[in-house]
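Asks: Sequence first, predicted coordinates after that:
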Amino acid sequence: MSNSPVKVAVTGAAGQIGYSLLFRIASGALLGPDTPVQLRLLEIEPALKALEGVVMELDDCAFPTLAGVEIGSDPNVIFDGANLALLVGARPRTKGMERGDLLSANGAIFTGQGKALNDHAADDIRIGVTGNPANTNALIAMSNAPDIPRERFSALTRLDHNRAISQLATKLGVPVTEITKMTIWGNHSATQYPDLFHAEVGGRNAAEAVGDQEWLENTFIPTVAKRGAAIIEARGASSAASAASATIDAARDWLKGSAQGDWISMAVASDGSYDVPEGLISSFPVTTKNGEWEIVQGLEIDDFSRGKIDASVKELQEERDAVKDLGLI
Ligand SMILES: NC(=O)C1=CN([C@@H]2O[C@H](COP(=O)(O)OP(=O)(O)OC[C@H]3O[C@@H](n4cnc5c(N)ncnc54)[C@H](O)[C@@H]3O)[C@@H](O)[C@H]2O)C=CC1
Ligand SMILES: O=C([O-])CC(=O)C(=O)O
């Protein structure tokens, strides 16, 4: 391990997701066993004491890949020199709330953090937003960081992607490794569209392998789209370990590349592909290589899929208009 440490900033580090995420990053799950990591952890002032406890636990793990931890409440300090920023810190929703309800509560966090990233992060910064409403928070951060190329921002729909793979694998009684080319389109919300028409199971079209449009429409799509709410209902708190795991999957694939012959779902700034208005942070099928992503082109979109994608994109436009009205972008 001779390389210099990669600086990974994590916000909301004393929260539920942070408690799972930090230990996995520190153990090498994100960048591998040969890359040392320096963690730079941002929290609000009242949570710094709890965060000190988490750092004590990180120390106690004696992870060979952990090359240091810095904590603080000033994003200008914590984002200094960061190569990767995972923006998790935001209030989670509770029973009965939709993600849109979080717009005003959480949106303001991302203006300040966008500016701080703009002014202090390393030139190769990549920014992944997990905190909800993730797509629009990423849009806010991106809009407040004019010097950072737009391609460096993404929002997390990998958890939805993983949920869709798991549901499909269970339905067909196959291992998750058989499933490729899953796509989540649109918003990380109940309007998202998990698409089985381009997914494959052992190389065969997934919708055909299922052969049950009723299940696809009335069980699969709502189960995936409303899984977050189901977890809140069951656990009494929003998903955390699975969200941390998906945050790692997304960042790892972004930096290290998606698997040959497969693609992943990432919410990224639209270039107008698939008639998603330019600049909206919407989820697409993408391939990744060396920290760059590319939207998979040329997929045929039938009327059913078009309607679902349009509905989710409409919600994203409404969220964008709402944060514009709040003066956040
Ligand atoms: N995109 C996705 O797939 C998922 C997103 N989420 C979202 O992730 C976010 C975090 O969830 P949890 O860890 O469960 O919440 P949590 O409430 O346990 O932790 C959030 C932490 O963020 C901190 N925080 C608040 N404002 C901050 C700021 N300005 N700077 C830095 N830290 C700040 C809080 O002090 C708290 O420690 C929520 O918005 C939740 O809805 C959760 C699951 C999946
Ligand atoms: O549903 C929530 O509020 C948390 C979340 O984003 C998810 O689990 O997908």
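Replies: Cool, got the structure. Residues are numbered from 1 along each chain as shown. Ligands and ions are numbered 1, 2, ... in the order given.
Asks: quick one: contacts for Gln297?
Replies: Neighbouring residues of Gln297 by Cβ atoms under 8 Å, 6 or more residues apart in numbering: Ser273. No exception for glycine: its C-beta is placed from N, CA and C like everyone else's.
Asks: actually Ala67, not the one I wrote
Replies: For Ala67, counting by Cβ under 8 Å, 6+ apart, the contacting residues are 5, 36-38.
Asks: which element is Ala267 on?
Replies: strand 264-269 (DSSP states H and E).
Asks: now could you export just the CA positions of stretch 76-91 as PDB?
Replies: Output of stretch 76-91 as PDB, limited to C-alpha atoms (Å, rounded to 0.1, in the frame of the first residue of the first chain):
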ATOM      1  CA  ASN A  76     -15.200  24.400   4.000                       C
ATOM      2  CA  VAL A  77     -12.800  22.600   6.200                       C
ATOM      3  CA  ILE A  78     -14.100  19.000   5.800                       C
ATOM      4  CA  PHE A  79     -14.400  19.200   2.000                       C
ATOM      5  CA  ASP A  80     -10.900  20.500   1.700                       C
ATOM      6  CA  GLY A  81      -9.000  18.400  -0.800                       C
ATOM      7  CA  ALA A  82     -11.800  15.800  -1.000                       C
ATOM      8  CA  ASN A  83     -11.600  13.400  -3.900                       C
ATOM      9  CA  LEU A  84     -15.100  11.800  -3.200                       C
ATOM     10  CA  ALA A  85     -17.900  13.300  -1.300                       C
ATOM     11  CA  LEU A  86     -20.800  11.200  -0.100                       C
ATOM     12  CA  LEU A  87     -23.600  13.600   0.900                       C
ATOM     13  CA  VAL A  88     -25.800  11.500   3.300                       C
ATOM     14  CA  GLY A  89     -26.600  14.100   5.900                       C
ATOM     15  CA  ALA A  90     -30.200  15.100   5.800                       C
ATOM     16  CA  ARG A  91     -33.300  14.500   7.900                       C
END
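Asks: Tell me the buried residues in the helix or strand just after the strand holding Ala267?
Replies: Once strand 264-269 ends, the next helix or strand along the chain (criterion: DSSP H and E) is strand 281-289. Across strand 281-289, burial judged by 16 or more other Cβ atoms under 10 Å covers 281-288.
Asks: and which of these is nearest to ligand 2?
Replies: Ser283 (12.4 Å; Cβ to the nearest ligand atom).
Asks: from what I can see the closest one touches Trp263, true?
Replies: No: Ser283 lies out of contact with Trp263 (Cβ atoms under 8 Å); the separation is 11.7 Å.
Asks: okay, and the common contacts of the two?
Replies: Contact criterion Cβ under 8 Å, 6+ apart; residues shared by Ser283 and Trp263: Thr183.
Asks: Which parts of the chain are strands?
Replies: 6-11, 37-42, 66-72, 84-87, 126-129, 153-155, 179-180, 183-185, 193-195, 200-201, 204-205, 264-269, 281-289, 292-295 (DSSP state E).
Asks: For the residue of the chain found nearest ligand 2, give its distance to Arg163.
Replies: Residue nearest to ligand 2 within the chain: Gly228 (2.1 Å; Cβ to the nearest ligand atom). Distance of Gly228 to Arg163, given as Cβ to Cβ, to the nearest Å: 9 Å.
Asks: do Leu196 as well
Replies: For Leu196, the distance to Arg163 - Cβ to Cβ - is 13 Å.
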